[in-house]
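> return a 3D structure for these sequence lines:
(chains A and B)
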Amino acid sequence: MKIFGQKPTASAWFGLVVVAVFIFVALFTPWLAPYPESANVGGTWDEPSVKMWLGGDQIGRDMFTRILYGARMTIGVALAITLLSFFIGIVVGFTSAVVGGWVDIFFSRLVDVMLSIPGLIFALIILGVFGSSIPVLILTIAVLDSTRVFRLSRALGMNLSVMEYVEAARLRGEGLWWVITREILPNAWAPLVSEFGLRFCFNFLFIAGLSFLGLGIQPPYADLGGMVRENAAAINFGMMAPIYPAATIALLTVSINLVVDWMLSMDARPSGAQAEL
Amino acid sequence: MAKLIVNRLFLGILTLFAVSILIFVCTEILPGDVASAVLGQGATPEALIVFRKELGLDIPAYLRYWNWLVGALQGNLGVALTNKRVIVDEVLPRLGNTLFLAGYAALIAIPLAVGLGVYSAINEGKLSDKLSNILTLIAISLPEFFIAYLLIIFLAVNVNWFPSLSTVFPGMPFSERVHQSTLPAITLTLLVAAHMLRMTRSSVLSVMSTPYIEMAFLKGAKRQRVITRHALPNAAAPIITVIALNLAYLVVGVVVIEAVFVYPGLGQLMVDAVSKRDVPVIQACGLVFAMVFVLLNTLADILVILVNPRLRHKR
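Predicted coordinates for the structure are as follows:
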């Protein structure tokens, strides 16, 4: 079978299948989970059994059910962040590239300053002031992440906006929105798609990390990072409870990276992608 | 060359200044009113007024920023809201602990990653290179706490070589301190080394595609010699940048690792402050983290200028 006109390698196949399974699970969680999201069906950290495949969590809920719901929650939030981040990054990046002048200088310097503070530290500062709720989380991380998307799309836009067809559109008298959406965007898809995979992975790990610190998605919602935190004490008794949600995170991010790695190796990244570092 | 270095130093200071403004704006001006955000909706108007006064919110923002900046420059970061302690006295020993942990990890990670990265570049396309590609890709994608808990299960619970929690206190013997922080240091090493290895490999390979390297091959030099004698001196600059980037990343990665091992570092202090919403402590920690980050990047750029053979002579 071919995808994008190429035969996936073995590792890419593994990644594609796992990502497909995760999407399926996230869409149909309530029908797939053996128990309701917060039902106590056993004792604290019960051993895995036929009834509870991965045992119980810290208050006796079914670990497998919690992981399904947690994955749905974390994937949903990470997806929302990445979509918003790309919307902001692409619009501002292409605008900077097309308009140029002081608009470009202003946004570029702003991004330089934002990138000179580590993202996690920045996010902690914001969360410390506003408190942690899902809208604040999505908005904060999306704005921070959009700086990377901005750099990529600005570089792509710079390369594309000097093309003859963009010049022609401008001479025709088309507006800024038309030039960005109809002339530049269609030609910038390929690098943006693989970047989307990488940014999603990064945001997924970011939100899981924040939840692990107790500053991300708050209970009663199940989410993978928070589950690792809640079950952390089990590790001192040699029990695997925090490993299961952590391994679920790892499985998804490794799989996405395997797919993206294969996509990048299909054709060398276009020059615009160099701006990523 | 000296002019370039002075320029870079100036840029570093300018960046720090901009960063301090950004931190201040995010914590004090953006939300409109920190007091009601911290105290919550149930706060009485009287409590709000008292709290605003305590934060100094009754004076204009630019004056508050100026006082904060001048204080920070003199080593006075203010007083914590929650326990009224002097922030500098809490930040400094914890910064020491964090830098100790980061330095320990860097000491293992840098030689390991640069060595293996060059080795993979020499053996490009062979089995060992492909294997290291997959392994490092996996290591990069793993969450920090996953690696940490796996290490705890194997090295602390199963064989009991290292403690699962790092107890570090002032005045403890150096060897004991190293023993206590080994597990977090290994975790950090695995995280950073994978990144560094991949970037070292690709920067060596990008030098390898230049014409003068092709010339060296054409004159019959062996691959290994071309890499060590011709490519590496010119790949030094990108490798230094790679190391600095990853050291900066190390400083951030430390936050989560400290939480796993309950290591008393700056990251823990910041996370605690965020959950208690202690704004002055958050500002102070953010500023110190940003300072370390900017300092490392500036240092790297200066080193790059110094090792660049093309800049050694006056034009």
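> where does the stretch 151-277 of chain A dip in pLDDT?
For the stretch 151-277 of chain A, applying pLDDT under 70 flags the ranges A:266-277.
> need the residues of it near chain B, please.
By the rule Cβ under 8 Å from any Cβ of the partner chain, the part of the stretch 151-277 of chain A lying against chain B is A:201, A:205, A:208-209, A:212-215, A:225, A:228, A:232, A:235-236, A:238, A:240, A:242-243, A:246-247, A:249-250, A:253-254, A:256-258, A:261, A:277. Every residue, glycine included, has its C-beta placed from N, CA and C.
> interface residues of the stretch 1-150 of chain B facing chain A?
Going by Cβ under 8 Å from any Cβ, the residues of the stretch 1-150 of chain B near chain A are B:15, B:18-19, B:22-23, B:26-27, B:30-31, B:34, B:37, B:134, B:137-138, B:140-146, B:149-150.
> of the residues you listed, which belong to helices?
Taking DSSP state H as the definition of helices, the residues of the stretch 1-150 of chain B next to chain A contribute B:15, B:18-19, B:22-23, B:34, B:37, B:134, B:137-138, B:140-141, B:144-146, B:149-150.
> what segments of chain A are strands?
Here chain A has no strands by DSSP state E.
> just to revisit the earlier point, among the ones in helices among the residues of the stretch 1-150 of chain B next to chain A, name the buried ones.
In these, burial by neighbour count holds for B:15, B:18-19, B:22-23, B:34, B:37, B:137-138, B:140-141, B:144-146, B:149-150, counting by 16 or more other Cβ atoms under 10 Å in any protein chain shown.
> which among the residues you listed gets closest to B:Thr44?
B:Thr44 lies nearest to B:Ala37 out of those, by Cβ to Cβ, at 15.5 Å.
> in what helix or strand does the nearest residue to B:Ile239 once chain neighbours are set aside lie?
Of all residues beyond its chain neighbours, the one nearest B:Ile239 is B:Thr200 (5.5 Å), with distances taken as Cβ to Cβ, 6 or more residues apart in numbering or on different chains. B:Thr200 is part of helix B:182-208, with elements assigned from DSSP states H and E.
> quick check: angle from that helix to helix B:144-151?
In terms of direction (axes from the mean of the first three to the mean of the last three Cα atoms, to 10 degrees), helix B:182-208 departs from helix B:144-151 by 120 degrees.
> quick check: A:Leu258 touching A:Ala10?
No: using Cβ atoms under 8 Å, A:Leu258 makes no contact with A:Ala10, being 9.6 Å away.
> the two: which is more packed in?
Shown here are A:Leu258 and A:Ala10; by other Cβ atoms under 10 Å in any protein chain shown, A:Leu258 has more neighbours (25 against 9).
> and the helices in chain B?
According to DSSP H, chain B carries its helices in the segments B:2-24, B:34-39, B:45-55, B:61-73, B:87-122, B:127-141, B:144-151, B:174-180, B:182-208, B:211-218, B:223-225, B:232-261, B:266-276, B:279-307.
> redo the ones you listed as CSV? Include mean pLDDT.
Formatted as CSV, those follow (pLDDT from 0 to 100):
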stretch, mean pLDDT
helix B:2-24, 86
helix B:34-39, 63
helix B:45-55, 73
helix B:61-73, 79
helix B:87-122, 88
helix B:127-141, 86
helix B:144-151, 87
helix B:174-180, 81
helix B:182-208, 87
helix B:211-218, 87
helix B:223-225, 81
helix B:232-261, 82
helix B:266-276, 88
helix B:279-307, 86
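> nearest to A:Leu120, of those helices?
Here helix B:232-261 is closest among the helices of chain B (Cβ to Cβ), at 5.0 Å.
> so what does that closest one touch, helix or strand wise?
On a contact count with 3 or more Cβ pairs under 8 Å, 6 or more residues apart in numbering or on different chains; DSSP states H and E, helix B:232-261 meets helix A:119-130, helix A:189-212, helix B:87-122, helix B:144-151, helix B:182-208, helix B:266-276, helix B:279-307.
> so which of those is nearest A:Gly175?
Evaluated over those, closeness to A:Gly175 peaks at helix A:189-212, with 21.5 Å, by Cβ to Cβ.
> what distance separates that closest one from the middle of the whole chain?
Put simply, helix A:189-212 sits 3 Å off its chain's centre (Cα atoms, centre = their mean, to the nearest Å).
> return it as PDB; C-alpha atoms alone will do.
What follows is helix A:189-212, C-alpha atoms only, in PDB (Å, rounded to 0.1, in the frame of the first residue of the first chain):
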ATOM      1  CA  TRP A 189       1.200  23.000   2.800                       C
ATOM      2  CA  ALA A 190       3.800  20.300   2.700                       C
ATOM      3  CA  PRO A 191       6.300  21.600   5.300                       C
ATOM      4  CA  LEU A 192       3.500  22.900   7.400                       C
ATOM      5  CA  VAL A 193       1.900  19.400   7.700                       C
ATOM      6  CA  SER A 194       5.000  17.700   9.000                       C
ATOM      7  CA  GLU A 195       5.600  20.600  11.300                       C
ATOM      8  CA  PHE A 196       2.000  20.000  12.600                       C
ATOM      9  CA  GLY A 197       2.900  16.500  13.600                       C
ATOM     10  CA  LEU A 198       6.000  17.700  15.500                       C
ATOM     11  CA  ARG A 199       4.200  20.600  17.200                       C
ATOM     12  CA  PHE A 200       1.400  18.300  18.200                       C
ATOM     13  CA  CYS A 201       3.800  15.900  19.800                       C
ATOM     14  CA  PHE A 202       5.600  18.700  21.600                       C
ATOM     15  CA  ASN A 203       2.300  20.200  22.900                       C
ATOM     16  CA  PHE A 204       1.100  16.800  24.000                       C
ATOM     17  CA  LEU A 205       4.200  16.300  26.100                       C
ATOM     18  CA  PHE A 206       4.000  19.800  27.300                       C
ATOM     19  CA  ILE A 207       0.500  19.500  28.600                       C
ATOM     20  CA  ALA A 208       1.200  16.100  30.100                       C
ATOM     21  CA  GLY A 209       4.300  17.600  31.800                       C
ATOM     22  CA  LEU A 210       2.200  20.500  33.300                       C
ATOM     23  CA  SER A 211      -0.500  18.100  34.500                       C
ATOM     24  CA  PHE A 212       2.200  15.900  36.000                       C
END
